[in-house]
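J.: quick one: sequence plus predicted model below, questions after.
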Amino acid sequence: MIELSGYTVKKQGFALKRFDFAISPGECWFVSADYRDNAELFFAALATLVYPVEGNYRFKGTLLDFSSYKNLLPYKKRMGYISPCLNPVSNRTIRENLLLPRYCEENSLSVKLDKNIEDMCVLFHIRNKLDEKITMVSQWDAKITIMIRELSKNPELILVERPEEVVAPDRLWMFTNLLHQELVSGRSLVIFSRNKAFYDNFSPDGKVMLKGEKVTII
Amino acid sequence: MRHLNAKEGGILKTIHKVMPMNSLAGYIGRKTLDYIDHLFNLAAFAVKLAADSMPSAIKGLAVVRWGMVEQIYFTAIQALWLIIPISLLMGSMILLQFVKFSGQVDLGKLAIIIIIRELGPIITALLVILRSATAVTIEMGYMRVQNEIASLEMAGIDPLRLLAIPRFIGITAAIACLFVIFDFLAIFGGYLLVKITTSLPVDNYLTGIASAITVSDIAVGIIKAVCFGVVISITTLYHGFNSEKRITAIPRITSASAIECFFYCMIINIFVSVIFYF
């Protein structure tokens, strides 16, 4: 699916140096880190939000060109990045945030939510808040909006960072079920969680350990 | 330590002690190079924005139009309550001062020079900088700090197209519209205000303007307004999009952006006036 080789990334005093990482379709990888920021940097690197200082990134065999952010947009679209760091556009409603990609794609503002997105909204109790602005809903609802939008892209690779800070504890099991369904349908999964119990729901095909600037693959 | 007074060369000596002469020269040099670099980055951002604003390049035109209408509403319509009283006050104030010179100078010509050519575009730009440009810088900076822009990218949406282009076109169009409203109200509203509230002899004011105005006067005003719009929107968006990812950076970029906008507007104002009238 993706292959990073000789990859070095730096951000705000943190760095991960010369690491290799590859994940195949249907695989599930766990990440453990000494610092939360290290894990954040690793996920941002996988999501191509942080550009490499050196090294290559291949997505399904295609070498990514980091010379312009525009070249990366089609690849970002094929990844689902679920992280508490990401936020929806705050001066828009939940519905508008969920529909933004389709507004752009279909060049129309009259598109409606798909059935599967509506179902997810019901599942995560935001169905009746769809027309409220992000500033008027709770942080949980804002994060869930991003989670639903990312999963509704049908991503080939799903990056899950600190899910316990994205989904409220009483709904975490529903999110786990959704991820299981994605895994069964051949998606790849990379998970970093501080909640040990969350890992128990998955069996890993590999582990990434982040310690200081060193990345170890087990 | 006793500081020497200015007469004894105190300031220079103090500067020299704090910062030796070669490091002062180095500091000025570095600042100049930084500023040149900043201007190049601003120009590159403007070119990128202009290229993306071409209708053929805009994917998802409906979203751009949506954002543009909203921006015009925020910048032009919502600013009317501010621009209307200011233009009336300015118009009547200028007319009251002009009446003193009645018979000595051509009031119509003077009003055109001051209101249409100079004050109209500058005051409109100043109002937009204070009201909307700062808001746009804060909004973009906040979106960057909160990773809202990153989340748009993850959705495969180009943030420049979704956020920058509607604001760029919206602010530019809004300033041009506000300029026309300002001029109209300052001339006619100011005249009516003075005529109704005072007994001053202002009967020849409007006929003086009508006989003195030329196409180039109106063109200069509109060209200035459009240029101000372009410069203000590009500068604010540039600062917002390039903000550091720290909430404490937002006040700094907002103030820098507002000052820069006003400075560039003043330069353009002189530049356009020189091209058209000298």
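T.: In hand now; what should we look at?

J.: now the strands for the chain?
T.: Went with chain A since none was named. For chain A, the strands defined by DSSP state E cover A:2-11, A:14-23, A:28-33, A:54-59, A:62-63, A:79-82, A:157-161, A:188-192, A:206-211, A:214-217.

J.: how many neighbours does A:Ile218 have?
T.: 10 (other C-beta atoms under 10 Å in any protein chain shown). The C-beta positions use only the backbone N, C-alpha and C, and glycine is treated the same way.

J.: next: A:Pro155.
T.: 20.

J.: dump the residue contacts of it.
T.: Listed by C-beta atoms under 8 Å, 6 or more residues apart in numbering or on different chains, the contact set of A:Pro155 reads A:78-80, A:187.

J.: how about it, phi and psi?
T.: Main-chain torsions, A:Pro155, degrees, to the nearest 10: phi -70, psi 150.

J.: skipping its backbone neighbours, what lies nearest whatever residue of the stretch 101-250 of chain B ends up closest to chain A in space?
T.: As assessed by C-beta to the nearest C-beta, chain A sits closest to B:Gly156 within the stretch 101-250 of chain B, at 3.2 Å. In space, and not counting its chain neighbours, B:Gly156 is closest to A:Lys77: 3.2 Å by C-beta to C-beta, 6 or more residues apart in numbering or on different chains.

J.: how far out from the middle of the chain is stretch A:115-135?
T.: Relative to the chain's own centre, stretch A:115-135 is displaced by 19 Å; criterion: C-alpha atoms, centre = their mean, to the nearest Å.

J.: start to end distance for it?
T.: End-to-end distance of stretch A:115-135 (C-alpha to C-alpha, to the nearest Å): 25 Å.

J.: repeat that for stretch A:15-29.
T.: 21 Å.

J.: for it, buried residues please.
T.: Applying a neighbour-count criterion of 16 or more other C-beta atoms under 10 Å in any protein chain shown, the buried positions in stretch A:15-29 are A:16-17, A:19, A:21, A:23, A:27-29.

J.: now do that stretch: everything it contacts.
T.: The contact list for stretch A:15-29 (C-beta under 8 Å, 6+ apart) reads A:1-9, A:38, A:41-42, A:45-46, A:54-55, A:156-157, A:183, A:186-191, A:202-208, A:210, A:213-215, A:217.

J.: which residues touch the residue nearest the centre of chain A?
T.: Of all residues in chain A, the one closest to the mean position by C-alpha atoms, centre = their mean is A:Tyr81, 1.2 Å from it. A:Tyr81 makes contact with A:43, A:47, A:49, A:150, A:159, A:161, B:154, according to C-beta under 8 Å, 6+ apart.

J.: same list (these) but as TSV, adding pLDDT and neighbour count.
T.: Below are the contacts of A:Tyr81 laid out as TSV (pLDDT from 0 to 100; neighbours: other C-beta atoms under 10 Å in any protein chain shown):
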residue	pLDDT	neighbour count
A:Phe43	93	24
A:Ala47	92	23
A:Leu49	92	24
A:Glu150	92	22
A:Leu159	93	24
A:Glu161	91	25
B:Met154	93	28
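
J.: export the residues you listed to TSV and tack on distance to B:Ala173?
T.: Below are these laid out as TSV (distance: C-beta to C-beta, whole Å):
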residue	distance to B:Ala173
A:Phe43	40
A:Ala47	36
A:Leu49	33
A:Glu150	35
A:Leu159	40
A:Glu161	41
B:Met154	31
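
J.: ok so, going back, so what's the residue count around the residue of the stretch 101-250 of chain B closest to chain A?
T.: By the criterion of other C-beta under 10 Å, B:Gly156 has 19 neighbours.

J.: helix/strand/coil for it?
T.: coil (DSSP: H, G, I helix; E, B strand; the rest coil).

J.: touching, it and A:Leu73? I think so.
T.: Yes - using C-beta atoms under 8 Å as the test, B:Gly156 is close enough to A:Leu73 to be in contact (5.1 Å).

J.: next, give phi and psi for the most far-flung residue of chain A relative to its centre.
T.: The centre of chain A is farthest from one residue, A:Ser110, which by C-alpha atoms, centre = their mean lies 27.5 Å away. For A:Ser110, the backbone dihedrals (degrees, to the nearest 10) come out as phi -100, psi 10.

J.: got the confidence number for it?
T.: For A:Ser110, the pLDDT comes out at 88.

J.: which residues touch it?
T.: Shown in contact with A:Ser110 (C-beta under 8 Å, 6+ apart): no residues.

J.: who are the packing partners of the longest helix seen in chain B?
T.: Looking across chain B with DSSP state H, the single longest helix is helix B:21-53. Packing contacts for helix B:21-53, counted by 3 or more C-beta pairs under 8 Å, 6 or more residues apart in numbering or on different chains; DSSP states H and E, involve helix B:165-184, helix B:215-241.

J.: could you dump those helices to CSV with mean neighbour count and distance to chain A?
T.: Shown next, in CSV, are the helices and strands packed on helix B:21-53 (neighbours: other C-beta atoms under 10 Å in any protein chain shown; distance: least, C-beta to the nearest C-beta, whole Å):
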stretch, mean neighbour count, distance to chain A
helix B:165-184, 23, 12
helix B:215-241, 22, 11
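
J.: redo these as JSON lines? Include distance to B:Ala43.
T.: Below are the helices and strands packed on helix B:21-53 laid out as JSON lines (distance: least, C-beta to C-beta, whole Å):
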{"stretch": "helix B:165-184", "distance to B:Ala43": "15"}
{"stretch": "helix B:215-241", "distance to B:Ala43": "9"}
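
J.: which positions in chain A make contact with chain B?
T.: Taking C-beta under 8 Å from any C-beta of the partner chain as the criterion, chain A approaches chain B at residues A:12, A:47, A:49, A:69-70, A:72-74, A:76-77, A:79, A:81, A:85-91, A:100-101, A:103-105, A:107-109, A:146, A:149-150, A:153.

J.: pull out the buried members of those residues.
T.: A:47, A:49, A:72-73, A:76-77, A:79, A:81, A:85-90, A:100-101, A:103-105, A:107, A:146, A:149-150, A:153.

J.: B:Gly189: how many residues sit nearby?
T.: Neighbour count for B:Gly189, taken as other C-beta under 10 Å: 20.

J.: OK, contacts around it?
T.: By C-beta under 8 Å, 6+ apart, B:Gly189 lies in contact with B:84, B:87-88, B:91-92.

J.: same thing but at 10 Å, please
T.: B:Gly189 makes contact with B:84-85, B:87-92, B:181-182, according to C-beta atoms under 10 Å, 6 or more residues apart in numbering or on different chains.
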